[in-house]
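Student: kindly generate the corresponding structure for this input.
(chains A, B, C and D)
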2 protein chains.
Amino acid sequence: MSIKSTLEKVISEDLAEIWSLLNSEEKRRILDNFEIHNFKKNQIIYAEKDDPVYLWCLLKGKVKLYKDGIGGRQQILRLYRPIQYFGYRAYFAHEPYVSSASAFEPSTVGSLPMEVVKNMIDNNRDLAWFFIRELSKNLGGSDTKIVTLTQKHIRGRLAEALILLIDNYGFEEDGKTLKIYMAREDVANLSNMTTSNAIRTLSAFAQERIITVDGRRIKIVDEAKLRQISKFG
Amino acid sequence: MSIKSTLEKVISEDLAEIWSLLNSEEKRRILDNFEIHNFKKNQIIYAEKDDPVYLWCLLKGKVKLYKDGIGGRQQILRLYRPIQYFGYRAYFAHEPYVSSASAFEPSTVGSLPMEVVKNMIDNNRDLAWFFIRELSKNLGGSDTKIVTLTQKHIRGRLAEALILLIDNYGFEEDGKTLKIYMAREDVANLSNMTTSNAIRTLSAFAQERIITVDGRRIKIVDEAKLRQISKFG
DNA sequence: AATTTTGCATGTTCTAAAGCATAATTTTAA
DNA sequence: TTAAAATTATGCTTTAGAACATGCAAAATT
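Tutor: Got it, this is the predicted structure:
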């Protein structure tokens, strides 16, 4: 698909929240400065300690925001789907990035210089509110994550991770199979455990008929049970 | 001290960042809606699941933002000192609070209805930027905390907590003693460990002449070592 | 001042989860 | 297609840190 048609498809098919907030002059300015990039699976979009320059908008594919920790252990902080924006926080905080973003699968991503975004916010109240709201929602999410990842037991953390995958990417046509294909290691990095324990606990869930596992295809059999384990267990 | 003089003292002595962004009409509107509250030690200012109504401004004392977790275990998320603002995130996210705020010591706190704040942001670009920046900085901090609290070992987490206390509240006149008087339980809640382990590890640090401990008075003897422990071991 | 309550310190025991090893399976690349 | 590499699956061992218990000290409360 050509760049232009990709963009037009996105804009026409599934109007991003942000787009509707703009007047035609603003839209023109975006189109003039917007660039489309294709990232391969596992390719890094930006890395921790880089200086933030662009607002990124995921158009196609899946992106993970993560932080490399101790002993090469990675923590996945957030997942993005089309059409979501990322990469702006560090610029607003006048800081280098504290986390990295990479493509989970082959992805198409648009970039817009943060300078342009900044100027637009200066002249568009609704756009300012859009970012205030996004940042506020994310901050609440991260604060909650601090407690769940440190206090919940392994089963609870895995259940929560699976629910996050449901909420973020949904199901295949069968209404059961998770619409994301990820390695056990990534499941582990999402739920603060080792790969071994992710495998072990997925097996346990399968044994208990809460899910079924066929390679990387995960079917959710008993979502209610999953939510229960996430809350208590 | 009277309400009026407390307020004037705060405004004249140590101009809050926010105040300088306002014109005289805005300042008058604040003064008309601003209310002063006194909280006793450990008194709750707002609680998780409450609906956010006010912007709070700490004028005197110390406030902790925390989240109650599993088995009554509390995680302290952020600490506030005069003059800092808190309690606005949930309102911006259109959510109930996900954390609670309480006074660490007898504290004076001002309140301003979020409705007023909202209207002021609508008409004051700089104020919008103030909150965008604050939220962005906090989000970076929380994302970082997710990794350090889950991945660092006990000694590293305690060292980091002590550094946080230094950075937040500083030292007494001797330039050594932490300017905060907190129970071991709170030290534990700050660094994701049990009270027993906070006690044990503080003792270990004292043994190693990194700090000295006299009841709740903690003197930092070797800050460099502390930062080293926080980073690695 | 006496009594109750709360907090600190330290030793001991127990366990969830990490670490390690090995084999089987799947994926990728040549 | 085949070889190499990476990933998944399981069993066994180790350990960091939680949980529990007890004694002592220091505040509150009466």
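
Student: next structured bit after the lowest-mean-pLDDT helix or strand in chain A?
Tutor: Every helix and strand in chain A was compared by mean pLDDT, DSSP states H and E; the lowest is helix A:3-13, with a mean of 51. Note on helix A:3-13: by DSSP states H and E, the next helix or strand toward the C-terminus is helix A:24-33.

Student: what are the ranges of the strands in chain A?
Tutor: A:35-39, A:44-46, A:54-60, A:63-68, A:74-80, A:84-86, A:100-103, A:107-113, A:211-214, A:217-220 (DSSP state E).

Student: what sits against the most centrally placed residue in chain A?
Tutor: In chain A, the centroid-proximal residue (CA atoms, centre = their mean) is A:Leu79; its distance is 1.6 Å. Neighbouring residues of A:Leu79 by CB atoms under 8 Å, 6 or more residues apart in numbering or on different chains: A:62-65, A:104, A:164-165, A:168-169. In short, each C-beta sits where N, CA and C put it, glycine included.

Student: between these, which has the most around it?
Tutor: A:Val63 (24 neighbours; other CB atoms under 10 Å in any protein chain shown).

Student: related to what we said a few turns ago, and the residue nearest to the centre of chain A, what's its pLDDT?
Tutor: On pLDDT, A:Leu79 comes in at 97.

Student: and the one 3 residues further on, by the same measure?
Tutor: Note on A:Pro82: pLDDT of 93.

Student: ok, which residues in chain A are in contact with DNA strand D?
Tutor: Proximity of chain A to DNA strand D, by CB under 7 Å from any atom of the strand, involves residues A:183-185, A:195-196, A:199-200, A:202-203, A:213, A:215-216.

Student: most surrounded residue in the residues you listed?
Tutor: A:Leu202 (19 neighbours).

Student: check the gap between that residue and DNA strand C for me.
Tutor: 13 Å (CB to the nearest atom of the strand, to the nearest Å).

Student: verify the contact between that residue and A:Ile211 for me.
Tutor: Yes: counting by CB atoms under 8 Å, A:Ile211 is a contact partner of A:Leu202 at 7.1 Å.

Student: can you pull the contacts of the nearest residue to A:Ile44 once chain neighbours are set aside?
Tutor: Of all residues not flanking A:Ile44 in the chain, A:Ser102 sits nearest, at 4.7 Å (CB to CB, 6 or more residues apart in numbering or on different chains). With contact taken as CB under 8 Å, 6+ apart, A:Ser102 is in contact with A:39, A:42-45, A:63-64, A:66.

Student: quick one: low-confidence ranges for chain A?
Tutor: A:1-16, A:233 (pLDDT under 70).

Student: domain map for it?
Tutor: A:3-149, A:153-231 (automatic domain parsing).

Student: between these, which one is nearest to B:Arg28?
Tutor: Proximity to B:Arg28 (CB to CB) singles out domain A:3-149 among those, at 22.2 Å.

Student: quickly check: the closest one near DNA strand C or not.
Tutor: Yes: using CB under 7 Å from any atom of the strand, domain A:3-149 reaches DNA strand C at A:Gly71.

Student: what's the distance between the residue in chain A that DNA strand D sits nearest to and DNA strand C?
Tutor: With CB to the nearest atom of the strand as the measure, A:Arg184 is the residue of chain A nearest to DNA strand D, at 3.3 Å. Distance, A:Arg184 to DNA strand C, by CB to the nearest atom of the strand: 11 Å.
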